[in-house]
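Undergrad: Prediction below, plus the sequence it came from.
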Amino acid sequence: FTCTMCGSCCGGHNIGPVAVDIVQGLSDVSEALAETTGTEKGLFFKVPVGAGGSREEQVVCHSSGGSCVFLNEERLCSIHAAYGPEKKPRVCRLFPYQFIATPKGIAVSLQMECRGFNEARAGKPVIEQEAELRSLLALVPSLRRVRPVIMLDGLTPTSYEVYEGLEDAMHAAIDEHTDDPLSALLAMRALTETARGVDPDAPCEGTDIASLQGDLDELVDALLQTVGALHRHYQRDDEQSVVHTETLDELAVAAMGVRPDWARVSRPLDRADQRSLFREVMHHHLMGKELTNSRTLVLGVARTAFGWLVGKALMVARARQVKRRHLVTQDVMDAVVVTNFLLRNVGFLSAFQRHDQAVVSLFYDRLPALLAAGGELADPDRRVEFYKF
């Protein structure tokens, strides 16, 4: 990875939290920065985070025109440009690298929220950036830690050492199935089933088309209700502030298109560059120990399959929106960013976890049947379609 300075990581969300010492270190140049940025709303503001007795205030950067107030017209950070990287928020210096403490040491990976990753991945291999990464590690306020005992399912624990071998096998499966992301997902499921002592080819109930259709529709309806509830809870637009929740609309569009577009959703990506992008995204997903973020490995694999397939529906919807039939690589990357952003967002996950059982049932237990259903899963639309505008 080598940053291409596309500026996309500075847009669509607030930059933060910004540590107190960073804010204080900029206090003597705040007037100059305000003049440089042209802001009339200030440079930083505070937001409450947490719940109950653990609520606290975090400082974040103001936004202007959809991007961080410090992003200039040359797609550079005004703080960095004028005063050096040491003066800007640590979260900016760390992105997109992430550091995870494991029982065997620090794992390094990339967050899949860089919209320009398709170009940036042509840069310097992460393994050759050790000196820089070691200096960045010192900036991490706290490390996420992987437990020494991993739950495969609700009843079956395993050691981190065993999990690490399973993860290595998943990396190999992704490389083996590089031409077909769906086969890679199935291989990850099969490896997990084998680790649980379960035959991955064992028959599963509810794999007939009618059951799959009904349960998928039920999950989509539940997701849309969750999206609506989150909109109502968080959305705000008044004279004092605007709270953006538009990314939820992306999920709603994708969810509504899952079954109608299943024939396209459940088939491999057409182009080699898109398939290689999937491969690298999945390798970083595993290296970031994302599977261990879920309560069980089964749930982690199910969420991974869910994220990819719902993301695929979003790719199809975005292409259609701009009158394109085929997918371009940026469609793939944009959908990956959206789904990763939501599935890592604490506010979204707290509401989404009520659907975990349905996600596991469809996107893990019955994943082979779901992918094999193809066009049968969609009800044929026999209406006349007329494009007026």
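TA: Nice, I can see it. Residues are numbered from 1 along each chain as shown.
Undergrad: Please point out which parts of stretch 93-101 sit buried.
TA: Using 16 or more other Cβ atoms under 10 Å as the test for burial, stretch 93-101 gives 94-100. (Each C-beta comes from the backbone N, C-alpha and C, glycine too.)
Undergrad: Mark which of the residues you listed are part of strands, please.
TA: Of the buried residues of stretch 93-101, the ones assigned to strands by DSSP state E are 97-100.
Undergrad: Quick one: end-to-end length of stretch 46-57, please.
TA: 6 Å (Cα to Cα, to the nearest Å).
Undergrad: who touches it?
TA: The contact list for stretch 46-57 (Cβ atoms under 8 Å, 6 or more residues apart in numbering) reads 14, 16, 58-60.
Undergrad: average pLDDT across it?
TA: On average, the pLDDT along stretch 46-57 is 77.
Undergrad: Check the protein and tell me which residue is nearest its centre.
TA: With distances taken as Cα atoms, centre = their mean, the chain has Asn340 as the residue nearest its mean C-alpha position (0.6 Å).
Undergrad: which stretch of helix or strand covers that one?
TA: helix 329-343 (DSSP states H and E).
Undergrad: Output the helix or strand following that helix in CSV with nothing but the alpha carbons.
TA: Toward the C-terminus, helix 329-343 is succeeded by helix 346-352 as the next helix or strand (DSSP H and E). What follows is helix 346-352, C-alpha atoms only, in CSV (Å, rounded to 0.1, in the frame of the first residue of the first chain):
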residue,chain,number,x,y,z
VAL,A,346,-20.6,0.1,16.7
GLY,A,347,-23.9,1.9,16.4
PHE,A,348,-24.9,-0.2,13.4
LEU,A,349,-23.7,-3.5,14.9
SER,A,350,-25.6,-3.0,18.1
ALA,A,351,-28.8,-2.9,16.1
PHE,A,352,-27.7,-5.4,13.5
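Undergrad: What residues of helix 346-352 count as buried?
TA: Applying 16+ other Cβ under 10 Å to helix 346-352 flags 348, 351-352 as buried.
Undergrad: now, which of those residues sits nearest Met151?
TA: Proximity of the buried residues of helix 346-352 to Met151 (Cβ to Cβ) peaks at Phe352, which lies at 19.2 Å.
Undergrad: Return the distance of that closest one relative to Ala255.
TA: 12 Å (Cβ to Cβ, to the nearest Å).
Undergrad: Please apply the same query to Thr158.
TA: For Thr158, the distance to Ala255 - Cβ to Cβ - is 33 Å.
Undergrad: what mean pLDDT would you report for stretch 160-180?
TA: Computed over stretch 160-180, the average pLDDT equals 95.
Undergrad: Which residues outside it are in contact with it?
TA: 102-104, 146-150, 183-184, 187-188, 191-192, 195, 268, 275-276, 279, 282-283, 286, 291-292, 297.
Undergrad: Show me those residues that map onto strands.
TA: Per DSSP E, the contacts of stretch 160-180 map to strands at 102, 149-150.
Undergrad: Apart from its neighbours in sequence, what residue is nearest Gly307?
TA: Thr339 (4.3 Å; Cβ to Cβ, 6 or more residues apart in numbering).
Undergrad: any idea how far the one you found lies from Ser109?
TA: 17 Å.
Undergrad: Pick out whichever of the two has more residues nearby.
TA: Neighbour count, other Cβ atoms under 10 Å: between Thr339 and Ser109, Thr339 has more, with 25 against 19.
Undergrad: just checking, that one touches Ala305?
TA: No. Look at Thr339 against Ala305 with Cβ atoms under 8 Å: they stay out of range, at 11.3 Å.
Undergrad: And the strands in the stretch 101-250 of the chain?
TA: 105-110, 144-145, 149-151, 157-159, 236-237, 242-243 (DSSP state E, counting those that start in this stretch).
Undergrad: The last one pairs with which strands, parallel or anti?
TA: As defined by DSSP bridges, the strand partners of strand 242-243 come to strand 236-237 (antiparallel).
Undergrad: Please apply the same query to the longest one.
TA: For strand 105-110, the paired strands and their directions (DSSP bridges) are strand 97-102 (antiparallel).
Undergrad: Other residues contacting the partner strand?
TA: Here strand 97-102 has contacts from 1, 106-111, 126, 133, 136-137, 140, 143-146, 160, 164, 288-289, using Cβ under 8 Å, 6+ apart.
Undergrad: ok so, going back, show me which of the ones in strands among the contacts of stretch 160-180 is closest to Arg366.
TA: Nearest to Arg366 among those, with distances taken as Cβ to Cβ, is Ile150, at 23.6 Å.
Undergrad: Can you name the residues that contact the closest one?
TA: 157-160, 162-163, 292, 297.
Undergrad: same question, Arg196
TA: Arg196 neighbours (Cβ under 8 Å, 6+ apart): 152-153, 156, 298.
Undergrad: so who does the nearest residue to it once chain neighbours are set aside touch?
TA: With sequence-adjacent residues excluded and distances taken as Cβ to Cβ, 6+ apart, Arg196 is closest to Leu152, at 5.1 Å. Listed by Cβ under 8 Å, 6+ apart, the contact set of Leu152 reads 158, 192, 195-196, 296-298.
Undergrad: Among the residues you listed, which are located in helices?
TA: Using DSSP state H, the subset of these located in helices is 192, 195, 297-298.
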